[in-house]
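Engineer: The following comprises the amino acid sequence and a computationally predicted model.
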Amino acid sequence: DTEVTQTPKHLVMGMTNKKSLKCEQHMGHRAMYWYKQKAKKPPELMFVYSYEKLSINESVPSRFSPECPNSSLLNLHLHALQPEDSALYLCASSQTPGQGLDYTFGSGTRLTVV
Amino acid sequence: QQQVKQSPQSLIVQKGGISIINCAYENTAFDYFPWYQQFPGKGPALLIAIRPDVSEKKEGRFTISFNKSAKQFSLHIMDSQPGDSATYFCAASYASYDKVIFGPGTSLSVIP
């Protein structure tokens, strides 16, 4: 299995909702990432779980909360989002963190906040 | 200093032509330079990558040229095809920095 699987593919949520995005990989990769991508822009790193240690991009608001239940799963919990949070949320994994050598991205979750 | 610059922002090439995308960086600590290809509705996919001790790397129709002294690198797509129409991101990283810095992207359209 050489894929990163993200669910759901599309999500529409209100500003008072709580939802979660899920990501799964079975490649034995030791690092997993959440990226946010706005239209016609490059991906922006939000969170890194590398060897079970969390690193946070300090510009990410607290209404985004990552969780890594085990080395194959990564969740992103969403609460009280704003319309400007609408974007494509990408999960990625890597066996060699920091080198970009084998970053594998999922197809993403298209999130719309209404 | 962590920025990666990329040009052009968009590119239209006729089928069979050569597509050229250029990137530049400032941080000499970068030691790995991947290129990602992204189709609409999909995540980026690693296309080809190079390290600064190599001046050129070719994989099929895709070639990276690397100029370490100028801190520039470029992607050449030979015999461009409509299926190559996508957004291309150059990127940079180094081993002790667990982050990939992406360029702003180039939207490539290959017309018949």
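Structural biologist: In hand now; what should we look at? Numbers count the residues shown, from 1 in each chain, chains lettered A, B, ... in the order given.
Engineer: For the most centrally placed residue in chain A, give the beta-bridge partners.
Structural biologist: Among the residues of chain A, the one closest to the centroid is A:W34, at 2.8 Å (C-alpha atoms, centre = their mean). Note on A:W34: beta-bridge partners by DSSP bridges are A:F47, A:C91.
Engineer: separation between it and A:L90?
Structural biologist: Counting by C-beta to C-beta, to the nearest Å, the gap from A:W34 to A:L90 is 7 Å. From N, CA and C alone the C-beta is placed, and that goes for glycine too.
Engineer: just A:N75 next, same as before
Structural biologist: Using C-beta to C-beta, which is the criterion applied here, A:N75 is 14 Å from A:L90.
Engineer: Comparing the two, which residue is more hemmed in?
Structural biologist: Neighbours were counted for A:N75 and for A:L90 using other C-beta atoms under 10 Å in any protein chain shown; A:L90 has more, 26 against 17.
Engineer: wait, what's in contact with residue 50?
Structural biologist: Just going to use chain A. Shown here is A:S50, whose contacts under the criterion C-beta atoms under 8 Å, 6 or more residues apart in numbering or on different chains are A:R30, A:A31, A:P97, B:D98.
Engineer: my bad, chain B
Structural biologist: Counting by C-beta under 8 Å, 6+ apart, B:I50 makes contact with B:F33, B:K57, B:I64, B:F66, B:F73.
Engineer: Would you mind listing what in chain B touches chain A?
Structural biologist: Residues of chain B found near chain A (C-beta under 8 Å from any C-beta of the partner chain) are B:32, B:34, B:36, B:41-46, B:49, B:87, B:89, B:91, B:93-100, B:102-105, B:107.
Engineer: Appreciated, that's everything.
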